[in-house]
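Peer 1: predicted model, plus sequence, below.
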Amino acid sequence: MTDPRAPTPAARVIQWLRANWLDVLCLAVVVAMAVKLVWSVDTAHDLMLDDEAIQLERGFRLFHPGDPNGPHGLPPPDYGPVYSFWYAFLHLFVRDPIRLYYVSYSCLVAMISAALYALSRALDAAPVAALVATFLFLVSHVPLIMPYAAHFATLVVFVGCVLAARASTLRRALRWVLVAMILATYVRPELALAFFVVALVAAWLAWRALRRNQVELRAIALEMLGFALAVGALVLVLGEPLGGGRAFFAFGQHYARNVVERDHLTANPWLSYPTFVKQDFGDVTSVAGAARANPSAFARHVLRNVTNLPACFRNVIQPVLLLGLLFGKGASRVTSDVAALFAVAGSIAGAWALWARRKIEPQRAAVLLGFAGIMAASLASALLVYPREHYVLSPLAVMLVLAGVGATVVAQKLAARVRRDTAPRADRLPWPAIATVAISAFLLAIVPSIAHGWCLQTVLSGVTIRPTPPSDALPTARAIARFGIKERVVFLEPRWGYALFSGLEYARLYPGQKDQPFGRFLEAKAIGIIVLTDYYAQDPSFDGDPEFKAFLADPARSGFRLVDVPGSTTRVAVRESLLPN
């Protein structure tokens, strides 16, 4: 029988809100800052071709066999299928590919910021410290980093770590971290190292618990068997995330980039990387094989990455706050240094504080273990491949979470030293809450919009920020859509995505498929639209083909119309017979 005095669900919600009103406020401010940052972002932020476009199209065409998915309609396992599933989920509600791109981007910025705040609070950071840490993450260059799979992987790991931090035991916490890591591995395959680190430590802890008779063998065996079966089913359905040639492909391209930059060459490393790899490593097919084939060349590559890593970190953490409008050009460097100091010093203090409490709150040790795995995997990728900004994203997020914890611990110790009157007084104002509300309002006011500014800095300086329109993918896709073509058309595009974002029914060809003179290639493949960029001048199969040069000089002779894309250097050649009368 129900107790009539028991509070109703609405009453319980009200009680919870009263008890946690400050966190609700801070979380609302975090979401508001994210929304403000990305508002009308499509007016200033271009679509990303290639990597991001491929991930989106794989989700867009999930369960449709054939390129870009596999024979069963699933994305390749080493190209982040779980991230494509995210796009597939959003596609249920957003049908237009351009809008889908920007909706996904905006949601990721808001969700990862909210997850960072929630994780900081789950690890006992003060609300204001968690808010400042999230603010620094949000106004860093992280929202401008592409591709966005690293954002999604970080979000997955942080959600798992929040659940782990709230778990009642170390075993349950480790389960959440392991689940998050294996899912994140199917977003960014390099995080497999993080999963293996956590799994090995979890196995060692289980063995130690068995030796101390703290747990029964049957319970551990069943738990490990269940997890092994779940991972096995995931591998069976999606495939091996470390299989395929993605890792070596990335290594080869960035090895060539390092050689081109070091020797001041004019070659395009993205196109000519096989030449550089074969020249220095021979016919190898793996990163480990390259290291064995030529240790000195491999070591030079890693050393160059080591020297480039600090600059990459500074670029990522530098706050985008438009402070130059008020304080001059040096303001950006000062804020970058302050943010870096907060992240580095605060993360050391936070990690130390969590480690010191591992016996009292062992679940925090599981979160720290997950953090260590992320840092190790990201560092390995940055050093073995190249210090790309998206490799630094997850470590920076981890450092800021720990910095929020560390700042809280330091503030509490300083307050304990200077506080003289510790007795509670009825007339004392809740200064921490008042300060948090004031800081929340201030941070929300100074967060700029990517497109419009819309911040305290622009108000005080009187400068109006106008968005710089996208100049490549977005205007090109919209120009093609305006052709009004209703039938299926064959695209020749140098980068993946123009056809996808145009919204037309299409088949796609890329320049590497050209295996005959251009005129015959054009007719044999029934090509209807050609996206013309400066790529073709770097590709000998086109630049050295007189038929292609003749086509550029007079496309009408081949039945094509040449259209300039407004605001872009890109041009589009479209077959006249496809255009509606």
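Peer 2: Yes, it's here. In this text the structure is predicted, and so the values were computed from the model without any measurement.

Peer 1: pull the number of nearby residues for His497.
Peer 2: One correction, residue 497 is Gly, not His. 26 (other C-beta atoms under 10 Å). For the C-beta atoms, the positions are set from N, CA and C on the backbone; glycine is no exception.

Peer 1: ok, now the one 3 residues further on?
Peer 2: Look at Leu500: counted by other C-beta under 10 Å, it has 26 neighbours.

Peer 1: report the separation between it and Asp534.
Peer 2: Note on Leu500: its distance to Asp534, by C-beta to C-beta, to the nearest Å, is 21 Å.

Peer 1: do the same with Thr436
Peer 2: Look at Thr436 and Asp534: by C-beta to C-beta, they are 52 Å apart.

Peer 1: those two: who's more crowded?
Peer 2: In this view Thr436 and Asp534 are compared by other C-beta under 10 Å, and Thr436 has more residues nearby, 22 against 9.

Peer 1: contacting residues around that one?
Peer 2: Residues counted as contacts of Thr436 (C-beta atoms under 8 Å, 6 or more residues apart in numbering) are 22, 25-26, 127-128, 131.

Peer 1: average model confidence for stretch 361-381?
Peer 2: Averaging pLDDT along stretch 361-381 yields 90.

Peer 1: end to end, how far does stretch 16-27 reach?
Peer 2: Using C-alpha to C-alpha, to the nearest Å, the end-to-end distance of stretch 16-27 comes out at 15 Å.

Peer 1: chain center to that stretch, what's the gap?
Peer 2: 29 Å (C-alpha atoms, centre = their mean, to the nearest Å).

Peer 1: ok, now stretch 572-580?
Peer 2: 37 Å.

Peer 1: compute the first-to-last residue distance for that stretch.
Peer 2: End residues of stretch 572-580 are separated by 16 Å (C-alpha to C-alpha).

Peer 1: next: stretch 491-505.
Peer 2: 10 Å.

Peer 1: now stretch 384-391
Peer 2: Counting by C-alpha to C-alpha, the terminal residues of stretch 384-391 are separated by 11 Å.

Peer 1: can you count the residues close to Arg571?
Peer 2: 17.

Peer 1: in contact with it: list those residues for me.
Peer 2: 532, 562-565.

Peer 1: quick one: which of those is nearest Leu271?
Peer 2: Distance to Leu271 across the contacts of Arg571 (C-beta to C-beta) is lowest for Leu532, with 17.0 Å.

Peer 1: pLDDT value on the closest residue to Leu123 other than its chain neighbours, please?
Peer 2: Leaving out its chain neighbours, the residue that sits closest to Leu123 by C-beta to C-beta, 6 or more residues apart in numbering is Val405, at 5.0 Å. What the model reports as pLDDT for Val405 is 95.

Peer 1: packing partners of the longest helix along the chain?
Peer 2: Determined from DSSP state H, the single longest helix within the chain is helix 389-418. If you count contacts as 3 or more C-beta pairs under 8 Å, 6 or more residues apart in numbering; DSSP states H and E, helix 389-418 packs onto helix 97-122, helix 127-139, helix 149-165, helix 295-317, helix 330-356, helix 363-384.

Peer 1: could you point out which of the ones you listed sits nearest Glu576?
Peer 2: Judged by C-beta to C-beta, the one of the helices and strands packed on helix 389-418 that comes nearest to Glu576 is helix 97-122, at 26.1 Å.

Peer 1: state the mean pLDDT of that closest one.
Peer 2: pLDDT averaged over helix 97-122 gives 96.

Peer 1: what do you get for stretch 325-335?
Peer 2: Stretch 325-335 comes out at a mean pLDDT of 81.

Peer 1: for Arg18, the count of nearby residues, please.
Peer 2: When neighbours are counted by other C-beta under 10 Å, Arg18 registers 9.

Peer 1: would you mark the buried spots in the longest helix of the chain?
Peer 2: 389-410 (16 or more other C-beta atoms under 10 Å).

Peer 1: against which helices or strands is the strand or helix carrying Val235 packed?
Peer 2: According to DSSP states H and E, Val235 maps onto helix 217-238. With contacts defined as 3+ C-beta pairs under 8 Å, 6+ apart, helix 217-238 has these neighbours: helix 170-185, helix 192-211.

Peer 1: most tightly packed of the ones you listed?
Peer 2: Among the helices and strands packed on helix 217-238, ranked by average contacts under mean count of other C-beta atoms under 10 Å, first place goes to helix 170-185 (a mean of 24).

Peer 1: angle of that helix against helix 217-238?
Peer 2: Helix 170-185 and helix 217-238 are oriented at 10 degrees to each other (axes from the mean of the first three to the mean of the last three C-alpha atoms, to 10 degrees).

Peer 1: where in the stretch 301-450 of the chain is pLDDT low?
Peer 2: Within the stretch 301-450 of the chain, the stretches with pLDDT under 70 are 419-429.

Peer 1: state the phi and psi torsions of the spatially closest residue to Phe560 that is not a sequence neighbour.
Peer 2: Excluding the flanking residues, the one nearest Phe560 by C-beta to C-beta, 6+ apart is Ala573, at 4.5 Å. Main-chain torsions, Ala573, degrees, to the nearest 10: phi -100, psi 120.

Peer 1: isn't Ala573 right up against Thr533?
Peer 2: No: if you go by C-beta atoms under 8 Å, Ala573 and Thr533 don't touch, sitting 11.7 Å apart.

Peer 1: settle it for me: which of those two has more neighbours?
Peer 2: Legend: neighbour count by other C-beta under 10 Å for Ala573 and Thr533, higher for Ala573 (20 against 17).

Peer 1: residues contacting the more buried one?
Peer 2: 529-530, 532, 551, 555, 560-563.

Peer 1: likewise for Ser381?
Peer 2: With C-beta under 8 Å, 6+ apart, Ser381 has these contacts: 190, 391.

Peer 1: the one 5 residues further on too?
Peer 2: Residues in contact with Tyr386 (C-beta under 8 Å, 6+ apart) are 250, 254, 257-258, 305, 308.

Peer 1: same check, this time on Thr275
Peer 2: 256, 267.

Peer 1: which stretch of helix or strand covers it?
Peer 2: Counting by DSSP H and E, Thr275 is found in helix 269-281.

Peer 1: can you give me the buried ones in that helix?
Peer 2: 269, 271, 273, 276-277, 280-281.

Peer 1: same deal with stretch 66-73?
Peer 2: Quick answer for stretch 66-73 (16+ other C-beta under 10 Å): 68-70.

Peer 1: okay, those residues in CSV with pLDDT next?
Peer 2: CSV is the format used below for the buried residues of stretch 66-73 (pLDDT from 0 to 100):
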residue, pLDDT
Pro68, 90
Asn69, 90
Gly70, 88
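
Peer 1: dump those to JSON lines, plus distance to Leu236.
Peer 2: Compiled in JSON lines, the buried residues of stretch 66-73 are given as follows (distance: C-beta to C-beta, whole Å):
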{"residue": "Pro68", "distance to Leu236": "22"}
{"residue": "Asn69", "distance to Leu236": "17"}
{"residue": "Gly70", "distance to Leu236": "14"}
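
Peer 1: return the subset of these lying in strands.
Peer 2: Nothing among these maps onto strands, per DSSP state E.
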